[in-house]
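Visitor: Below are the sequence and a predicted model; questions follow.
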Number of protein chains: 2
Amino acid sequence: MARRRQAVTIKHVAADAGVSLQTVSRVVNKDSGVRPEMMARVQASIDKLGYVPSIAAQRMGGSRSYLILALNDRERTIADWRARQGTDWFDQMMLGGMLTCAEHGYRLIVELVDTHSDHIERELLAAIAALQPDGVILTPPHSGNPLIINLLEAQGISFARIGSLTDGPGIRLIMDDTRAAAIATEHLLELGHRRIGFIAGPAEYELSAWRVDGWRSAMQAAGVADDDLLAVGDFSHASGRTAAAQLLALAEPPTAIIASNDQMTLATLELARERNLVVPRDLSLISFDDTPIIRLAHPPLSAIVQPIAEVTAQAVSLIIADLGARLTTTTPVTVPAVLTTRNSTSPPP
Amino acid sequence: MARRRQAVTIKHVAADAGVSLQTVSRVVNKDSGVRPEMMARVQASIDKLGYVPSIAAQRMGGSRSYLILALNDRERTIADWRARQGTDWFDQMMLGGMLTCAEHGYRLIVELVDTHSDHIERELLAAIAALQPDGVILTPPHSGNPLIINLLEAQGISFARIGSLTDGPGIRLIMDDTRAAAIATEHLLELGHRRIGFIAGPAEYELSAWRVDGWRSAMQAAGVADDDLLAVGDFSHASGRTAAAQLLALAEPPTAIIASNDQMTLATLELARERNLVVPRDLSLISFDDTPIIRLAHPPLSAIVQPIAEVTAQAVSLIIADLGARLTTTTPVTVPAVLTTRNSTSPPP
DNA sequence: TTGAAAGCGCTAACAA
DNA sequence: TTGTTAGCGCTTTCAA
């Protein structure tokens, strides 16, 4: 293969403008200390020649790589893609992440790694060595993984942790799952429900516990708490069905159920239909996540909307800001989630 | 910010193994002409130190960047993400593209560019200068854009064009839309339909014409062709509705409609319901694309499934193969699309 | 079969 | 305020 070389390099610009390489570099990097007229002259040459610096060379020179790595769970991401159920967590991450990166002249590179893998450190180290990213975005369930967090810290790389409150380094961003669950629960309480079941997600995800907390505290505040109304799933359809069956089998079954993600809520809806329970007349339902499918369910499901794009956008912004001047933020950034009501909730029978 | 340097470089490995840099480089790049024992010794050092070459440095040294750029339509991609309708073209591209890249030690970087932009050349050139990708994957509607194709050819970059038959350089891959449309049409003909309407996509996408061709030829073969049965949309829900209304307003309306994408099919379903036409009893429907939403429609819609992951995977493989030895493939690679029948087709009333 | 030299495009450190 | 020098980590010459 023909060896490709940079078409227009800093040298060409320097020659064209009649200045040194360093001056061009200063203009490109908006360094202070360049006379306006000089700057204009260099910029003119840059525009004329269509010069764009090579990030590889920039990185080699000791500057940034202008690359941000998004670390996603390999297994889950691939499973979601293969399942074709419309889960758009990844897409929303791209929406917020890519666009914000682009605004700042950065690129987002996605890397899938296995949380359960014992060579996760090696994988991450390899990605860092190969790519030399300026920052890393950790998504659940990586966000709270101490192995990853400590490694990143040791490498001196700026990183954001989406959906984790675990102590430690890194910029933390959450969507206030506790409050969201409380909002959903309060909505049902206001409708008159007293027996409100909750289907939790797996413990591996920190947010699972937060959602349970929100539900429990709202129930306690209303004086109707009962942990028999809590069932646990693993975010899968099958587990949601099992959990729903468990709740409906109670001596005093719930008149409303909140499930920690769409798949489990859909499974609950399905089970309810099989048992001739009409939603929302006999059973109210609130879901978490709000992926596209639940809008097409019958009835369309009310749900807590996760502002994933917004959170990812902020993660990128904060990482880039951190690059300039080490942030000392220690409190997590919170982006509120909201309840979108559709037609799956009504007063209890 | 602390200036980060490569933790383990080729020098460390060379020192550890007691050989020259060049020998390490040869082992890393699997160059021939290294004695097995030497190779083993170097490899041992590499493993021991956890050495991974920096792609920035590799690229600077004149070798590959191990980066492949996927070029997507900016406007459409963002619109799909924002709409949250479950459109998973992008996800399927990532599934096929990322995983195949990973298998070969490559990374996939996504770049969104505006087709309609007059500075598309500048944008692309900038991305190429910054990233120095070894290859580029063009997705519709970029795949047939002569500006892009010629620019890439001039730059000497390997590239694949998904969904374009336009003559010119680049590896072409198609999903045989013509055949797919014919298959859908034939299925309906076999059920006894004679008035089969077709809602085409916008001319900007080459595949729009191919699908029309497949439908028309199947209709002609059956001796029932009638171009009054052809309506044109732009892939949007609204345009699908308009097109469907046009077809249903015919003196002799269709008993079946094939629409060129899911949104337009859904719009047709919606309009049919409003007019008290029961699908499939009064009107059969076949969709194109098979995004998640149509499986949840009532009834679930039969559809042509686009093998996007498979096509993208092949695109990556072919680009990487092309890097080694310039391919001389001139005939397009065809990955067949298949019809998945659900409950939206039946014999005509 | 191995090693030494030069250079890729850029920036940091220093000097002028 | 500008220019010069050295070097980043790697690969391609070329020589041994």
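Guide: Arrived safely. Remember, it's a predicted structure, so these values are computed and weren't measured experimentally. Numbering: from 1, shown residues only, chains lettered A, B, ... in the order given.
Visitor: For residue A:10, the count of nearby residues, please.
Guide: 22 (other C-beta atoms under 10 Å in any protein chain shown). Heads up, the C-betas are built off the backbone N, CA and C, glycines and all.
Visitor: Quick one: residues contacting it.
Guide: Taking C-beta atoms under 8 Å, 6 or more residues apart in numbering or on different chains as the contact definition, residue A:10 lies against A:21, A:24, A:25, A:28, A:51, A:53.
Visitor: Name the nearest residue to residue A:113, sequence neighbours excluded.
Guide: Of all residues not flanking residue A:113 in the chain, residue A:123 sits nearest, at 5.0 Å (C-beta to C-beta, 6 or more residues apart in numbering or on different chains).
Visitor: Where does that neighbour sit: helix, strand or coil?
Guide: When classified by DSSP: H, G, I helix; E, B strand; the rest coil, residue A:123 comes out as helix.
Visitor: Confirm for me that it is in contact with residue A:115.
Guide: No: at 10.7 Å, residue A:123 does not count as touching residue A:115 under the criterion of C-beta atoms under 8 Å.
Visitor: before we move on, back to that, ok, the contacts of residue A:10 vs residue B:169, which is closest?
Guide: Nearest to residue B:169 among the contacts of residue A:10 is residue A:51, at 25.9 Å by C-beta to C-beta.
Visitor: you'd agree residue A:72 is in a strand?
Guide: Yes: checked against three-state DSSP, residue A:72 lies within a strand.
Visitor: That one and DNA strand C: what is the separation?
Guide: 30 Å (C-beta to the nearest atom of the strand, to the nearest Å).
Visitor: ditto for residue A:171
Guide: Taken as C-beta to the nearest atom of the strand, the span from residue A:171 to DNA strand C is 23 Å.
Visitor: List the contacts of that residue.
Guide: Residue A:171 neighbours (C-beta under 8 Å, 6+ apart): A:158, A:159, A:160, A:161, A:315, A:318, A:319, A:322, A:327, A:329, A:333.
Visitor: re earlier: how many residues are close by the residue nearest to residue A:113?
Guide: 16.
Visitor: again with residue A:11
Guide: 11.
Visitor: There's contact between it and residue A:21 in this structure, I believe.
Guide: Yes: contact criterion C-beta under 8 Å: residue A:11 and residue A:21 qualify, at 6.5 Å.
Visitor: quick one on the thing from earlier: include distance to residue A:169 and secondary structure when you put the contacts of residue A:10 into TSV, please.
Guide: Below are the contacts of residue A:10 laid out as TSV (distance: C-beta to C-beta, whole Å; DSSP: H, G, I helix; E, B strand; the rest coil):
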residue	distance to residue A:169	secondary structure
A:21	37	helix
A:24	37	helix
A:25	32	helix
A:28	32	helix
A:51	38	coil
A:53	31	coil
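Visitor: circling back: go through the contacts of residue A:171 and flag which are in strands.
Guide: A:158, A:159, A:160, A:161, A:333 (DSSP state E).
Visitor: circling back: what distance do you get for the residue nearest to residue A:113 to residue B:333?
Guide: 32 Å (C-beta to C-beta, to the nearest Å).
Visitor: One more: residue A:79?
Guide: 28 Å.
Visitor: out of those two, which sits in the busier spot?
Guide: residue B:333 (17 against 13).
Visitor: Quick check: bridge partners of that one?
Guide: Under DSSP bridges, the beta-bridge partners of residue B:333 are residue B:173.
Visitor: before we move on, the earlier item: from the contacts of residue A:171, which is closest to DNA strand D?
Guide: residue A:158 (19.1 Å; C-beta to the nearest atom of the strand).
Visitor: if I look at the closest one, how far off is residue A:171?
Guide: 8 Å.
Visitor: Same question for residue A:210.
Guide: 18 Å.
Visitor: Then residue A:252?
Guide: Residue A:252 is 45 Å from residue A:171, where distance means C-beta to C-beta.
Visitor: Whether stretch A:68-78 contacts chain B - can you check?
Guide: Yes: using C-beta under 8 Å from any C-beta of the partner chain, stretch A:68-78 reaches chain B at residue A:78.
Visitor: Going by neighbour count, list what's buried in that stretch.
Guide: For stretch A:68-78, the neighbour count (16 or more other C-beta atoms under 10 Å in any protein chain shown) marks A:68, A:69, A:70, A:71, A:72, A:73, A:74, A:76, A:77, A:78 as buried.
Visitor: Let me have those residues in JSON lines, extended by distance to residue B:44.
Guide: Shown next, in JSON lines, are these (distance: C-beta to C-beta, whole Å):
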{"residue": "A:68", "distance to residue B:44": "34"}
{"residue": "A:69", "distance to residue B:44": "29"}
{"residue": "A:70", "distance to residue B:44": "34"}
{"residue": "A:71", "distance to residue B:44": "29"}
{"residue": "A:72", "distance to residue B:44": "33"}
{"residue": "A:73", "distance to residue B:44": "32"}
{"residue": "A:74", "distance to residue B:44": "28"}
{"residue": "A:76", "distance to residue B:44": "35"}
{"residue": "A:77", "distance to residue B:44": "34"}
{"residue": "A:78", "distance to residue B:44": "33"}
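Visitor: Okay, helices next: where are they in the stretch 101-250 of chain A?
Guide: A:120-131, A:146-155, A:177-190, A:206-221, A:237-248 (DSSP state H, counting those that start in this stretch).
Visitor: Quick one: closest of these to residue B:247.
Guide: Here helix A:237-248 is closest among the helices of the stretch 101-250 of chain A (C-beta to C-beta), at 37.3 Å.
Visitor: Show the subsequent helix or strand relative to the closest one.
Guide: Heading C-terminal from helix A:237-248, the first helix or strand you meet, by DSSP states H and E, is strand A:256-259.
Visitor: Quick check: residues of the stretch 1-150 of chain A near DNA strand C?
Guide: By C-beta under 7 Å from any atom of the strand, the residues of the stretch 1-150 of chain A that approach DNA strand C are A:5-6, A:9-11, A:21-22, A:24-25, A:28-29, A:51, A:53-54, A:57-58, A:60-63.
Visitor: In PyMOL, select just the buried ones from these.
Guide: To isolate the buried ones among those in PyMOL, judged by 16+ other C-beta under 10 Å, type:
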select buried, chain A and resi 6+9+10+24+25+28+51+53+54+57+58+60
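Visitor: so which of the residues of the stretch 1-150 of chain A next to DNA strand C are also by DNA strand D?
Guide: Answer for those near DNA strand D (C-beta under 7 Å from any atom of the strand): A:21, A:22, A:60, A:61, A:62.
Visitor: can you tell me which of those residues are in helices?
Guide: Members of these lying in helices (criterion: DSSP state H): A:21, A:22, A:60.
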